[in-house]
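# make a model of this:
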Amino acid sequence: MSRLQANALLLLAAVIWGSAFVGQVLGMAGVGPLGFTGVRFLLGALVVAPLAWRERRALQAQGHALGVPELRWIALLGALLCTGVVMQQIGLMSTTVTNAGFLTALYVPLVPLLAWFFQRQAPHWSVWPAAAGCLGGTWLLTGGSLGAFSPGDLWVLASALPWAVHVLLVGQVANKLRGAYGLACGQFLVCGLAASAAGLALEPITLQGLASAAGAIAYTGVLSVGVGFTIQVVGQRHAPPADAAIVLSSETVFAALFGAWFLGDRLSAVGLLGCGLILASIVGVQILPLLRARLTSTS
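Here you go, the predicted model:
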């Protein structure tokens, strides 16, 4: 696969994930945030299951079987994923798709900070201006007033923490399991079962409600959870890391575009400036360390 083809796949993943925010909003017309999350992640697990099964058989043939420690890691990542998604989903009940897209992306500068705090991995200097830029962009996104945060904004903002912990651990766990598809399917299954159980206990779930949300569940489950993750894995195997960082960061932009197109979201000039500052900080914290490493290796 060429670099151009790999970048095209990553761009498609960003488009799918950005547009999925609209589906997440529309889907809650028939079911609550817990039920919607549960069903779509169970559907996503079914999509990835054939790939996971094939991968697992190959690993078993090499003598690599899943043990209790590996299953615990899958359960932990599934719980983190469920926490982040449900918090984001609750937030979407009272914030815009545009705000949700940019506020969710604040997990990016959080990851190196958490790696420094928990794993003693010194962060690149770019983390500090990026973190400041994200804070400033968030302030501008609310119109320059902390009092303008809606409850939904706060829910989505809080979801950045479990997202960041999940991103920090997922690569390491995938290496422990020697495969990405089994981990993806397992964590989707844990997330789907946990959210479904909580939804059955706490929300009114009816067949009529599920039927009215069927289109949104299918789109976000099959495309966002199943297909989006798969093409991301394939694309990142062939795309340079700097390319992947920039292309995948465009998810926030697509969230804003789809929110404006389908839901009529609009931002003030100050809000647009905030979005631009957040996006610039996200891209910078990903590519500056990579550029420095590349310059060092070629010198």
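
# what's downstream of the worst-scoring helix or strand of the chain on mean pLDDT, the next helix or strand?
Least confident helix or strand of the chain, by mean pLDDT, DSSP states H and E, is helix 241-249 with a mean of 66. Next helix or strand after helix 241-249 toward the C-terminus (DSSP states H and E): helix 251-263.

# buried ones in the very next helix or strand once past that following helix?
Next in sequence after helix 251-263, counting helices and strands by DSSP H and E, comes helix 269-298. By 16 or more other Cβ atoms under 10 Å, the buried positions in helix 269-298 come out as 271, 273-275, 277-279, 281-290. Bear in mind the C-beta positions are built from the backbone N, C-alpha and C, glycine included.

# same check, this time on stretch 55-70
Residues of stretch 55-70 classed as buried: Glu55, Arg56, Leu59, Glu70 (neighbour count, 16+ other Cβ under 10 Å).

# quote the end-to-end distance of that stretch.
In stretch 55-70, first residue to last residue: 15 Å (Cα to Cα, to the nearest Å).

# also stretch 197-210?
Taking Cα to Cα, stretch 197-210 runs 15 Å from one end to the other.

# what residues does it touch?
With Cβ atoms under 8 Å, 6 or more residues apart in numbering as the test, stretch 197-210 has contacts from Gly30, Val31, Gly32, Pro33, Leu34, Gly35, Phe36, Thr37, Gly38, Val39, Val86, Ile217.

# max pairwise distance over those residues: which two?
Gly30 and Val86 (17.1 Å; Cβ to Cβ).

# still on that earlier bit, please flag which of the contacts of stretch 197-210 sit within helices.
If you go by DSSP state H, the contacts of stretch 197-210 have Pro33, Leu34, Gly35, Phe36, Thr37, Gly38, Val39, Val86, Ile217 in helices.

# Phe258 touches Trp17, doesn't it?
No. Applying Cβ atoms under 8 Å, one finds Phe258 not in contact with Trp17, separated by 10.3 Å.

# where does pLDDT dip in this protein?
142-148, 236-237, 240-246, 290-299 (pLDDT under 70).

# and the helices in it?
For the chain, the helices defined by DSSP H occupy 3-27, 33-61, 68-91, 97-104, 107-119, 127-141, 151-177, 181-202, 207-212, 214-218, 228-238, 241-249, 251-263, 269-298.

# buried residues, the shortest one. List them.
The neighbour-count criterion (16+ other Cβ under 10 Å) identifies Ala216, Ile217 as the buried residues of helix 214-218.

# so what touches that helix?
Surrounding helix 214-218, the residues in contact under the criterion Cβ under 8 Å, 6+ apart are Gly23, Gln24, Leu26, Gly27, Phe36, Val39, Arg40, Leu43, Leu210.

# write a ChimeraX command that selects only the buried members of those residues.
Here is the ChimeraX command that selects the buried residues among the contacts of helix 214-218 (16+ other Cβ under 10 Å):
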select :23,24,26,27,36,39,40,43,210
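
# possible to save the contacts of helix 214-218 as JSON lines with distance to Ala122?
Below are the contacts of helix 214-218 laid out as JSON lines (distance: Cβ to Cβ, whole Å):
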{"residue": "Gly23", "distance to Ala122": "40"}
{"residue": "Gln24", "distance to Ala122": "36"}
{"residue": "Leu26", "distance to Ala122": "44"}
{"residue": "Gly27", "distance to Ala122": "42"}
{"residue": "Phe36", "distance to Ala122": "40"}
{"residue": "Val39", "distance to Ala122": "42"}
{"residue": "Arg40", "distance to Ala122": "38"}
{"residue": "Leu43", "distance to Ala122": "41"}
{"residue": "Leu210", "distance to Ala122": "49"}
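
# which of the contacts of helix 214-218 sits closest to Leu177?
Leu43 (22.4 Å).

# wait, the closest one sits on Val225?
Yes. Counting by Cβ under 8 Å, Leu43 does reach Val225; the two are 7.1 Å apart.

# residues contacting the spatially most central residue of the chain?
Geometric centre of the chain, nearest residue: Trp163, 6.9 Å, by Cα atoms, centre = their mean. For Trp163, the contact set (Cβ under 8 Å, 6+ apart) comprises Leu80, Gly84, Thr104, Tyr107.

# what is the neighbour count of Pro109?
Using other Cβ atoms under 10 Å, Pro109 has 27 neighbouring residues.

# do the same with Gly35
Per other Cβ under 10 Å, the neighbour tally for Gly35 reads 27.
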